[in-house]
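# Okay, sequence plus prediction incoming.
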Amino acid sequence: MAEIARDAPERMTAADGTPLKAALARAQGRARRRAFLLVAPLLVFVLASFVIPIGQMLHRSVHNPVFSANMPATTAWFGANPVGTEPDEAAFAALAADLAAAAEARTIGAVGTRVNYEMQGTRSLFTSAGRKADDLEAPFRAAMLDLDRRWGEPELWNTMRNVSSPYTANFYLAAADRFRDLDGGISRVAPERQVYLTLFQRTFLLSALITAICLLLGFPIAHLLATLPLRYSNLLMILVLLPFWTSLLVRTTAWMAILQGQGVLNNALVALGVIGDDGRIALMYNQAGTVIAMTHILLPFMVLPLYSVMRNINPSYVRAARSLGASSWTAFRRVYVPQTLPGVGAGALLCFILAVGYYITPALVGGASGQLISNLIAFHMQNSLNWSLAAALATLLLAAVLLLYWVYDRLVGVDNMKLG
Amino acid sequence: MKRFLFLTSALASLAVTAAAQEITVVSWGGAYGASQMEAYHKPYQALTGIKINSVDADNPATPIKAQVEAGNVTIDVADVEPSDLVRLCDEGALEVLAIDELPDGADGTPAAEDFIEGGLYDCGVGTIVYSTLIAYRTDGTAPTSTADFFDLEKIPGKRGLRKGAKYALELALMADGVPPAEVYDMLATPEGVDRAFAKLDTIKDQVVWWEAGAQPPQLLADGEVVMTTAYNGRIFNAMISENQPFELFWPNQILDFNLFVIPKGAPNKEAAWEFIKWATDTQRLADQASFISYGPARKSSAPLVGLFKDGKTEMGPHMPTNPDYMADALTTDIEFWADHDIELNERFNAWLAS
Amino acid sequence: MNAGRGDEAFVAFEHVQKSYDGETLVVKDLNLDIGRGEFLTMLGPSGSGKTTCLMMLAGFETATHGEIRLAGRPINSVPPEKRGIGMVFQNYALFPHMTVGENLAFPLEVRKLGRAEIEAKVKRALDMVQMGAFAARRPAQLSGGQQQRIALARALVFEPELVLMDEPLGALDKQLREHMQFEIRRLHERLGVTVVYVTHDQGEALTMSDRVAVFNDGRIQQLAPPEELYERPENRFVASFIGENNTLEGVVETISGGACTVRLATGEILDAAPVNVTRPGERTTVSIRPERVEFKPENIPPGVHTVEAEVLEFIYMGDVFRTRMRVAGNDNFVMKCRNSVGQRKLEPGERVPIGWAPHDARALDPL
């Protein structure tokens, strides 16, 4: 009774007696369906071109079923026996059977490559064993050891146990210059093999430097653009945007022609007598080349958000500050600059994120010291074909960028960012 | 009934030829791709009417791996390096070829014996032999030994090296006095690797690293480097076609094959195999040498190699397979690189980044 | 010109000219003295040069020619921050990234005042505009009227002797605007600062100012106290710009001793006070305020000429009746009469003679 009393006043009805809520839902449903149909193509596109590939990348970085799929008996033996079990005759029998089957299916190389990722120099162990696996006879332990002593090494069995699980965090360990040692603990790889942490660090430092230079160069340009009369600023804007309309490769190659030892810049300096012919400055195939070329390429990404913010800053703010007694510098610093922060934030974030992922430019002009992490991702994609490691590196990069975004959101607020 | 059978079989054969009207061949582009176009694609197209789609890739092995993994293969034939061939073949990404169907050499030698050692695999058929070696500008000091490449006092200036462990490590060891025959044994030991990197250390800050084969001639032409490792065909092209003042240093050249392969699940497998069989016969391999200075993978092709397409350059002295250059040449050990590629390149990348 | 209430000119413009493009002058030979403590309004349509004058005074525009003096000192080359002039902007220009308190503290901080002193002054200024509770708010959290008060407080907090206001009430609705007019007037009287106020709203100018300078076409058309401006406009522009106004075109018939007669196109004669006319035969525009027009014979001064009017429209407006009529071919001639007891409502179509006291009809410059 009490319930009815409470419900009664809420049950409004439309003129034809249907409940008002139902009528409203029906009325809005059409509009909602139409809106959904309008955005559906974009939704499908984003799903297909962004969400699914990123999901696949994340998946690939932890999922590598090559061993478990092609060595089922050995994988089963690992499943049945706990860590630390000495490989017995059954284990070797399973291994021999798997090797023979994998050799027959021509997947032995993939298995060897997978184990080789974790333990160097084992690939040929698998391929050569695969060639002879058909001839192996019981007792398999002795026969395998006869083939190669290394089949008895605990480290090899430990590695095989590691890779027998289709899901693994080992690619992330590798991406952080670490590996799982015999005891299952995590150790750093030998100093001469450490590369990824150094490159991550260099990537972030160089990207920060490039972002800072872009800001220093872009701020005055954007200010000029925002304050000039429209017909001049449009012309200047075209100059700023020109790099956008030129192929990245063309621009990078142009920088090579300018920066190289016998390039335009060095030739001009020599001709002017600023430097001697032997004193040509190395501006390319090093970090300087990467920084110069990338700054040029990323500058528009800094200028555009800054410009859009600056255009909307009413000149009366600076006038007000000056009428209140502030010098032009103080007015600029305390009143103008703070109001450009949304543009600075957006531009810096954009530049930094783009710089962190840049690949062609450092590959062409970076030399050895100007390489960034993306060049190694490309290396693993194209040369070593170790896509799991490439995915792990890319995921770490993505995570770092998201972390940065989060920090930015906490410090400045993302809604305080203006992209244009 | 008879008539019906005739119709269906006619339709079926029509369907087969229709499907095989096109094959897609992925190769490396540049002067090399052009030479294949001239020696293989155009004549084959004229002969059979089958259209050949020629696609360029930085490394044709990459799209093969991608397409086979994705289960959507569009490539019919690809031109790959031996190390990639071995790896892809082992991973089951390539079709196994009926090697015994290859035609005999023009002199009657069976194909299995006609191909130069390392030029025939069950997943691939060799086309050319090329060489990675030292190229230098003739207006500078000419190197007289491989060691000169690492001698900054004798020949000061920047040097170009291919970015990667392959070639760099071999060259370093040979410059350090290791005979070509012992290079891979040495590299298989940790000490050998350390020794190679120690040698590379001596010129590390003077090295310009190149990645694409088109870069070394450009670097030399720009005067960015005084000498560089390079693919002999690219330098030949610059010397003969562009009259660049370059010269090659043949001793200790490192020999490699390029091979035709068919990716697993290629859409026009049969047509692709027919094309490969035709393109790798004695005459066609010899023909290619008229367009680029890479040696033919068949021994029987050597006598047929004549003049360059300009009609005056004798190709013999520009062939890596010229007996004069073979004495202290090093042939790339494919198995070695298949096993150690990852490990040595990781070490190389770390060395480069430090 | 006279110097208003002050003894000597506090602000002086002398032969000031301003051109932006080097071809046309937006301010043409401006001479203006403003007395200390005076409330002077620059009134005019947009593009009349009034804002440019204010900006030259503030220091954001430089005079192309002439001299501007503040307290006897030439300030042409003094940068704005050294002039010590408070300013209220049209959009308030409150710094959006600072709180109200920080906005007010800003002019004091740049003057390097002590912390305690700043706090005291900020509090006093906020209390002055009844916004004491809002020091921690951001400008975006305030209503338009509240922002206006803060802008006012900020312009006054460093105790300038001269405050410039550039259409400060333009963005407010009518009721709030009237209230703020009163507040600004009250602050002016209380603090005794000199105020130069720019507006295009003549009602605002009349209610607030000691004197109004009416700008048009880069010149001051008339500089006078509000009453004089309304009652005795010196030219046709001022007459039409300030208040409602009927005009009749004609030719001076006779002129003698502060009175003249004008013949209209219809041949009718009317009486007027000569302002911009000196001799018979001159063309002139006669201007009459609607509320000075009479139609009851008993209200028309005896002995003056009357003109025939045809009633076109009668509008009941509560306190007044508004009658639109055709007079000498002018269809927009308006008469306003008070809704007093026994006031007669004219019917459209009715024809009545209308008249006025001769001094209420001003014979001004011709069209």
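That came through fine.
# ok, residue C:72 - how many residues close by?
9 (other C-beta atoms under 10 Å in any protein chain shown). All C-beta spots, glycine's among them, are computed from the backbone N, C-alpha and C.
# ditto for residue A:30
Neighbour tally, residue A:30, other C-beta under 10 Å: 9.
# Could I get the CA-only coordinates of the helix or strand hosting residue A:236 as CSV?
Per DSSP states H and E, residue A:236 falls inside helix A:230-241. What follows is helix A:230-241, C-alpha atoms only, in CSV (Å, rounded to 0.1, in the frame of the first residue of the first chain):
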residue,chain,number,x,y,z
LEU,A,230,45.2,39.3,-41.1
ARG,A,231,46.6,39.8,-44.6
TYR,A,232,50.2,39.6,-43.3
SER,A,233,49.5,36.9,-40.9
ASN,A,234,47.9,34.7,-43.5
LEU,A,235,51.0,35.0,-45.6
LEU,A,236,53.2,34.1,-42.6
MET,A,237,50.9,31.3,-41.8
ILE,A,238,51.5,29.7,-45.2
LEU,A,239,55.2,29.8,-44.5
VAL,A,240,54.6,28.1,-41.2
LEU,A,241,52.4,25.5,-42.8
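# tell me the SS of residue B:142?
coil (DSSP: H, G, I helix; E, B strand; the rest coil).
# just checking, next helix/strand downstream of the worst-scoring helix or strand of chain B on mean pLDDT?
Least confident element among the helices and strands of chain B, by mean pLDDT, DSSP states H and E: helix B:2-19 (a mean of 45). For helix B:2-19, the following helix or strand on the C-terminal side (DSSP H and E) is strand B:22-27.
# got the buried residues for that next one?
Within strand B:22-27, the residues scored as buried using 16 or more other C-beta atoms under 10 Å in any protein chain shown are B:23, B:24, B:25, B:26, B:27.
# cool, stretch C:67-76 as well?
Going by 16+ other C-beta under 10 Å, stretch C:67-76 has these buried residues: C:68, C:69, C:70, C:75.
# want to throw the residues you listed into a markdown table with distance to chain A?
Shown next, in a markdown table, are these (distance: C-beta to the nearest C-beta, whole Å):
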| residue | distance to chain A |
| --- | --- |
| C:68 | 15 |
| C:69 | 18 |
| C:70 | 13 |
| C:75 | 13 |
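# Next step: those residues restricted to strands.
Judged by DSSP state E, those include C:68, C:69, C:70 as members of strands.
# and which of those is nearest chain B?
Taking C-beta to the nearest C-beta as the measure, chain B sits nearest to residue C:68 out of those, at 64.0 Å.
# That closest one touches residue C:57, doesn't it?
Yes: assessed by C-beta atoms under 8 Å, residue C:68 is found in contact with residue C:57 at 6.3 Å.
# which neighbours do those two share?
C:11, C:13 (C-beta atoms under 8 Å, 6 or more residues apart in numbering or on different chains).
# Per the annotation, how does the chain divide into domains?
Chain wasn't specified; assuming chain A. Domain assignment for chain A by automatic domain parsing gives A:2-52, A:66-168, A:196-416.
# not what I meant, chain C
With domains defined by automatic domain parsing, chain C comprises C:9-236, C:244-364.
# where does residue A:273 land on pLDDT?
Residue A:273 is assigned 87 on the pLDDT scale.
# Next, work out how far apart it and residue A:263 are.
17 Å (C-beta to C-beta, to the nearest Å).
# Look at those two and report which has more neighbours.
Set residue A:273 next to residue A:263 and count neighbours by other C-beta under 10 Å: residue A:263 wins out with 20 against 7.
# Run a quick check on the more buried one versus residue A:254, I expect a contact.
No: the criterion here is C-beta under 8 Å, and residue A:263 misses it with residue A:254 at 10.2 Å.
# Determine the number of other residues adjacent to residue A:83.
Residue A:83: 8 neighbours (other C-beta under 10 Å).
# Contacts only, for it.
Counted by C-beta under 8 Å, 6+ apart, residue A:83 has contacts A:161, A:184.
# Correct me if wrong, but it is in a helix.
No: when the secondary structure is assigned by three-state DSSP, residue A:83 falls in coil instead of a helix.
# Could I get the full set of strands for chain A?
So, for chain A - with DSSP E - the strands run A:178-180, A:186-188.
# cool, chain B as well?
B:22-27, B:51-56, B:77-80, B:124-137, B:159-162, B:207-210, B:227-231, B:246-261, B:295-296, B:330-331.
# any idea which of those strands is most buried?
Highest mean neighbour count among the strands of chain B (mean count of other C-beta atoms under 10 Å in any protein chain shown): strand B:295-296, with a mean of 28.
# Could you list every helix and strand in contact with it?
Packing contacts for strand B:295-296, counted by 3 or more C-beta pairs under 8 Å, 6 or more residues apart in numbering or on different chains; DSSP states H and E, involve strand B:124-137, helix B:282-288.
# any idea how far the first one is from the chain center?
Mean C-alpha position of strand B:124-137 versus that of the full chain (C-alpha atoms, centre = their mean, to the nearest Å) differs by 6 Å.
# cool, stretch B:113-121 as well?
14 Å.
# Give me the nearest residue to residue C:55, chain neighbours excluded.
Leaving aside its chain neighbours, residue C:55 sits nearest to residue C:61 (4.2 Å; criterion: C-beta to C-beta, 6 or more residues apart in numbering or on different chains).
# From what I see, that neighbour and residue C:16 are in contact.
No: counting by C-beta under 8 Å, residue C:61 stays clear of residue C:16, with 10.6 Å between them.
# Of the two, which one has the most company?
For residue C:61 versus residue C:16, neighbours defined as other C-beta under 10 Å are more numerous around residue C:16 (23 against 17).
# Would you mind giving the domains of chain C as TSV with distance to residue A:288 and mean pLDDT added?
What follows is those, written out as TSV (distance: least, C-beta to C-beta, whole Å; pLDDT from 0 to 100):
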stretch	distance to residue A:288	mean pLDDT
domain C:9-236	37	92
domain C:244-364	75	90
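# How many residues are close by the residue in chain A positioned nearest to chain B?
Per C-beta to the nearest C-beta, residue A:109 is where chain A lies closest to chain B, at 1.8 Å. Using other C-beta under 10 Å, the number of residues around residue A:109 comes to 24.
# what's the pLDDT at it?
So, for residue A:109, pLDDT stands at 83.
# Not counting sequence-adjacent ones, nearest residue to it?
Nearest to residue A:109 is residue B:90, by C-beta to C-beta, 6+ apart, at 1.8 Å.
# How about residue A:159: what's its closest non-neighbour residue?
residue A:119 (4.4 Å).
# Show the pLDDT at that neighbour.
82.
# what's it sitting at in phi/psi?
Dihedral pair for residue A:119: phi -140, psi 110, per degrees, to the nearest 10.
# Tell me who's in contact with it.
A:155, A:156, A:159.
# try residue B:126
B:115, B:116, B:118, B:119, B:120, B:257, B:258, B:259, B:280, B:297.
# Residue C:38: which of the residues you listed is nearest?
residue B:258 (94.9 Å; C-beta to C-beta).
# ok, how many other residues are close to residue A:147?
Residue A:147: 18 neighbours (other C-beta under 10 Å).
# re earlier: among the domains of chain C, which is the most enclosed?
For the domains of chain C, average neighbour numbers computed from mean count of other C-beta under 10 Å are highest in domain C:9-236, which has a mean of 19.
# Who are the contact partners of the residue of chain C found nearest chain B?
Residue nearest to chain B within chain C (C-beta to the nearest C-beta): residue C:97, separated by 42.7 Å. For residue C:97, the contact set (C-beta under 8 Å, 6+ apart) comprises A:338, A:339, A:341.
# In helices, which of those fall?
Counting by DSSP state H, the contacts of residue C:97 place A:338, A:339, A:341 in helices.
# which stretches of the stretch 101-250 of chain A form helices?
A:108-118, A:123-132, A:140-147, A:154-164, A:170-175, A:196-227, A:230-241, A:248-259 (DSSP state H, counting those that start in this stretch).
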